[in-house]
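Here you go, sequence then predicted model.
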Amino acid sequence: MRTPASLQGRLLALVLGLVVCAWLGTAVLTWIDARHELDELLDGHLAQAAALLVAQQAREIEHDGEDGDATLDAPELHRYAPRVAFQVFHEGRLALRSANAMATPMVPVDGRFREGLRTVRVGDADWRVFATHGAEHDIQVYVGELVEARDDILRAVLRSTLWPMAPALPLLALALWWAVRRGVAPLRRLDEQLAARRPDALQPVVLDHAPSEMVPMLDALNALFGRIGTLMASERRFTADAAHELRTPIAAIRAQAQVALAEPDAALRRHALRATIEGCDRATRLVEQLLMLSRLEAGTATAAGVVDLGALARRVVGELAPAALARGQQLGLDAVDGARIAADETLLAVLLRNLVDNALRYSPDGARIEVRVGVDGDRVRLQVDDSGPGLPEADRRRLGERFFRVLGSGRSGSGLGWSIVQRIAAVQGARVAVSASGLGGLAVDVDWARTSLSATSPPSA
Amino acid sequence: MRILLAEDDPLLGDGLRAGLRQLGFQVDWVRNGEAAQRELRAQPYAAAVLDLGLPLRDGMDVLTDVRRAGVTLPVLILTARDAVSDRIGGLDAGADDYVVKPVDLNELAARLRALVRRAHGQPQERLRVRDLELDPAARSVACGGVPLTLPTREFDLLQALMLNAGRVLSREQLEQHLYSWGQEVESNAIEVHIHHLRRKLGAERIVTVRGVGYLMPRETGPG
């Protein structure tokens, strides 16, 4: 049988099924009990009747002497009489019998006479027979009753027990249906409320008189709505912030282009055109960073492998060295071998590039920037130090807020680099700490769990 | 016309300064809120272009503060914040105009001219004193219908005098109108420019108030 899909149907089927089972169980118990009681009662009657017959026969013999040879057929007095039969034998002869009794003893006498109750088959019917004898064993009495008759009574009893079920079951089903429907009404109300909601409606669901079983569910639902709301708000804020941040470089590009268009002086025009291109580069970088952040937040940009941080740092620092040289900055790398971590190489490169690029960008010309990759027990450490202006404590805490830019740095930045660094670190389970550097500027520490060479996947080349 | 530009973005600030200079403005550029506030309270600018997201001090705070201090010059907010609530907040804080980035340089210049004009009670774009006519947008001057060509400084000086027609302007005030930072001002520069203007327009148009400064009378006496 298929389980009903609706809670209401399921409850209804369950309760009705249990009621029918209980009813049938009661019927079976009633049957067994009634049969037992009935057997005791009717067996008692048989015994009583037999005793009466024995006593009567004994008295007749006393009265009439020994001449009562004729067999007496007792008259049939009641319509139920055929169901009961008796025989009285005196000294082996049939002295008295009921109209429906045969001439031979109901219980075949094979050898010894056995007193007591037994069920025998006479003709094509089963009989319950009580056999007894007089005090001197000359009188034998058999009283029998059709087993069929007893079964009839039992069936009647059972019928009267089970009968009420026929009309009661549909009524009960109806009443149950109503009760269950009432019981699950809060669920239906919740369903209606949710169905009537606009897709962006995230206010908590308020259900009057919600049953206590539903309260945890409602709480969980409302907590979920709350989380979705927070997420959506942060998404909206991000979009607004992004649009806001893109406006400034676009405004700069526009202004510079307009200046170039109207500038008669060749040198000034070239300056404006170069500034226009710089503005385009900045807008491009900002868009790339925004895309990177949104990919990171969607969690789609991870593929784990084993990466040698030292080798990667050599590559990234090599890429950034020309820009540093152009500004007279000293960029140095000190990396040990075997600094292997489980991470996505592309993301790790982005993190490294952002950190080193930040240090270069916010340090003055001629500054010193030191990158160190080391192994400390089971941790791999990356440290980027600069001799730049550093950051006050309050600003250090705000690093990583989207679009937060250190004020007065005189450098153009999107304020997204740190968000990206922290996001990547979070994805890779790394810890990031910012402190004052021994070189005078900012020190950024990132550490990962170290991966041994023999671990899971083969090292990426 | 000398204006203050408060913008922290190096690229945009550079572009705005160059563009507004092309359009005839003297531009002083500050890159943070504290400097903007200091300059607004100290210098007689014709107008100010104020970014809101400024380092050290937010543009809104700067504006509220200088307005409370009684600075009445026209302020144009130029910002990336485009929400209606931001616009309302900016105008209510005392801004005279609110422009969202990016902006066309010519439009920005026109808005600045309009703000300056209105601040001086001039409903029209062209300044007119008797038969003298000055068009700030076209940077052209006509005297009695005859077009005149004036060098930049003389034009700016004439514009300052016409904007303040009927009021005496000191030599220092005129210098501050004409020169932005870093520009060398010779001690007798104003006298030289006044002298040239008088020669081109007629001596009676600019009156010297000895020991005080110069003024351009609105009418030629009672008659």
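Happy to help now that I have it. Residues are numbered from 1 along each chain as shown, chains lettered A, B, ... in the order given.

Looking at chain B, which helix is longest?
Using DSSP state H to define each element, chain B has its longest helix at helix B:105-119.

Give the buried residues for that one.
Of the residues in helix B:105-119, B:105, B:108, B:109, B:111, B:112, B:113, B:114, B:115, B:116, B:117 count as buried by neighbour count, 16 or more other CB atoms under 10 Å in any protein chain shown. All C-beta atoms are positioned from the backbone trio N, CA, C, and that covers glycine.

Please compute how far it lies from its chain's middle.
Its chain's C-alpha centre and that of helix B:105-119 lie 9 Å apart, by CA atoms, centre = their mean, to the nearest Å.

Show me what the helix or strand following that helix is packed against.
Sequence-wise, the next helix or strand downstream of helix B:105-119 (DSSP states H and E) is strand B:127-129. Packed against strand B:127-129 by the contact rule (3 or more CB pairs under 8 Å, 6 or more residues apart in numbering or on different chains; DSSP states H and E) you find strand B:132-135, helix B:152-163.

Can you point out the buried residues in strand B:127-129?
For strand B:127-129, burial by neighbour count (16+ other CB under 10 Å) applies to B:127, B:129.

how far out from the middle of the chain is it?
Counting by CA atoms, centre = their mean, strand B:127-129 comes out at 16 Å from the chain centroid.

What lies in contact with that strand?
For strand B:127-129, the surrounding residues in contact (CB atoms under 8 Å, 6 or more residues apart in numbering or on different chains) are B:117, B:133, B:134, B:135, B:136, B:159, B:162, B:163, B:165, B:205, B:216, B:218.

Tell me the bridge partners for the fourth one.
Translated: residue B:135. Counting by DSSP bridges, residue B:135 is bridged to residue B:140.

so what's the residue of the stretch 101-250 of chain A found nearest chain B closest to, chain neighbours aside?
Residue nearest to chain B within the stretch 101-250 of chain A: residue A:247 (3.8 Å; CB to the nearest CB). Once flanking residues are discounted, residue A:247 sits nearest to residue B:80: 3.8 Å by CB to CB, 6 or more residues apart in numbering or on different chains.

Can you verify my assumption that that neighbour contacts residue A:248?
Yes - judged on CB atoms under 8 Å, residue B:80 makes contact with residue A:248 at a distance of 5.5 Å.

before we move on, the earlier item: the longest helix of chain B and chain A, any residue contact?
Yes - using CB under 8 Å from any CB of the partner chain, we find that helix B:105-119 touches chain A at B:105, B:106.

for the chain, what spans make up the strands?
Let's take chain A. In chain A, strands defined by DSSP state E lie at A:72-73, A:84-90, A:93-97, A:116-122, A:125-133, A:139-146, A:305-308, A:330-335, A:340-343, A:368-376, A:379-386, A:431-436, A:442-449, listed in chain order.

if you could check chain B rather than the one you did, that'd help
Going by DSSP E, chain B shows strands at B:2-6, B:26-30, B:47-50, B:75-79, B:97-100, B:127-129, B:132-135, B:140-143, B:146-148, B:207-209, B:213-215.

For PyMOL, what selects the buried ones among the contacts of strand B:127-129?
Filtering these down to the buried ones (16+ other CB under 10 Å) takes a single PyMOL command:
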select buried, chain B and resi 117+133+134+135+136+159+162+163+165+205+216
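
Among the contacts of strand B:127-129, which one sits closest to chain A?
Among the contacts of strand B:127-129, and counting by CB to the nearest CB, the member closest to chain A is residue B:136, at 17.0 Å.

Phi and psi next, for the closest one.
phi -60, psi -30 (degrees, to the nearest 10).

give me every residue that touches the residue lying closest to it once chain neighbours are set aside.
Spatial nearest neighbour of residue B:136, chain neighbours left out: residue B:113 (5.0 Å); criterion: CB to CB, 6+ apart. By CB under 8 Å, 6+ apart, residue B:113 lies in contact with B:1, B:125, B:136, B:137.

Leaving out sequence neighbours, find the closest residue to the first one.
Once flanking residues are discounted, residue B:1 sits nearest to residue B:46: 4.4 Å by CB to CB, 6+ apart.

give me the number of residues near that neighbour?
Residues lying near residue B:46 (other CB atoms under 10 Å in any protein chain shown) number 24.

what does residue A:87 give?
25.

circling back: export the helices and strands packed on strand B:127-129 to CSV and tack on mean pLDDT?
Converted to CSV, the helices and strands packed on strand B:127-129 look like this (pLDDT from 0 to 100):
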stretch, mean pLDDT
strand B:132-135, 89
helix B:152-163, 89
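
any low-confidence regions in the stretch 351-461 of chain A?
Along the stretch 351-461 of chain A, segments meeting pLDDT under 70 span A:400-415, A:452-461.

quick one, helices of it?
A:393-398, A:417-427 (DSSP state H, counting those that start in this stretch).

closest one to chain B among those helices?
Per CB to the nearest CB, nearest to chain B of these: helix A:393-398, 11.1 Å.
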